[in-house]
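Asks: curious how this folds, go ahead:
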Amino acid sequence: MIMTKMTIAEKFDEVVKALSGEKSVMSVEDMVDFINDRKEKAVKKGSSRKQTARQKENEGVKDTILKTLTNEGITVTDLLGKLDIEGMTNQRASALLRQLVLDGKVVKTVEGKKSYFSVA
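Replies: Now for the predicted structure:
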């Protein structure tokens, strides 16, 4: 069967049809090839981005934060008192700590309204 050229949106619609149990004009092999192609392009696009100067700087700051943290919980305000980093605000420190928590390097404990951070 000769298929006319389909747009990406139409191909996604066909995949949705097939997953919903409806009859699709695309074969399973065509759908798998399409999905793998889109995945490959997404991975390539995501990996080609360079870090900004601020992101590179933040990596160094995160290392400093990790060296400063202990096994005992510490608040962001207390952490800022121990850090000697120019231009460091509570918001920036909180954002970097959140990234470290997501990376599994720091543990966040909440007691009442206060958040405490410690080394994982």
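Asks: what separates the helix or strand encompassing Leu96 from the chain centre, distance-wise?
Replies: Assigned by DSSP states H and E, Leu96 belongs to helix 90-102. Its chain's C-alpha centre lies 13 Å from the corresponding centre of helix 90-102 when counted by C-alpha atoms, centre = their mean, to the nearest Å.
Asks: next: stretch 17-30.
Replies: Stretch 17-30 sits 31 Å away from the centroid of its parent chain (C-alpha atoms, centre = their mean).
Asks: and stretch 97-112, by the same measure?
Replies: So, by C-alpha atoms, centre = their mean, the centroid of stretch 97-112 is 15 Å from its chain's centroid.
Asks: got the CA coordinates for that stretch in CSV?
Replies: Provided in CSV are the C-alpha atoms of stretch 97-112 (Å, rounded to 0.1, in the frame of the first residue of the first chain):
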residue,chain,number,x,y,z
LEU,A,97,19.6,23.2,47.3
ARG,A,98,16.4,22.0,45.5
GLN,A,99,18.6,20.9,42.6
LEU,A,100,20.9,19.0,45.0
VAL,A,101,17.8,17.3,46.6
LEU,A,102,16.6,16.2,43.1
ASP,A,103,20.1,14.9,42.4
GLY,A,104,19.9,12.8,45.6
LYS,A,105,22.9,14.6,47.2
VAL,A,106,21.0,16.5,49.9
VAL,A,107,18.1,15.5,52.1
LYS,A,108,15.4,18.0,52.9
THR,A,109,13.5,17.7,56.2
VAL,A,110,10.5,19.9,57.1
GLU,A,111,9.7,20.6,60.8
GLY,A,112,6.7,22.9,61.2
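Asks: touching it from outside, list them.
Replies: Outside stretch 97-112, the residues that touch it by C-beta atoms under 8 Å, 6 or more residues apart in numbering are 58, 62, 65-66, 69, 73, 76, 79, 115-120. No exception for glycine: its C-beta is placed from N, CA and C like everyone else's.
Asks: show me which of those is closest to Asn90.
Replies: Ranked by distance to Asn90 (C-beta to C-beta), the contacts of stretch 97-112 are led by Val76 at 5.4 Å.
Asks: mind checking pLDDT for that closest one?
Replies: Note for Val76: predicted pLDDT of 91.
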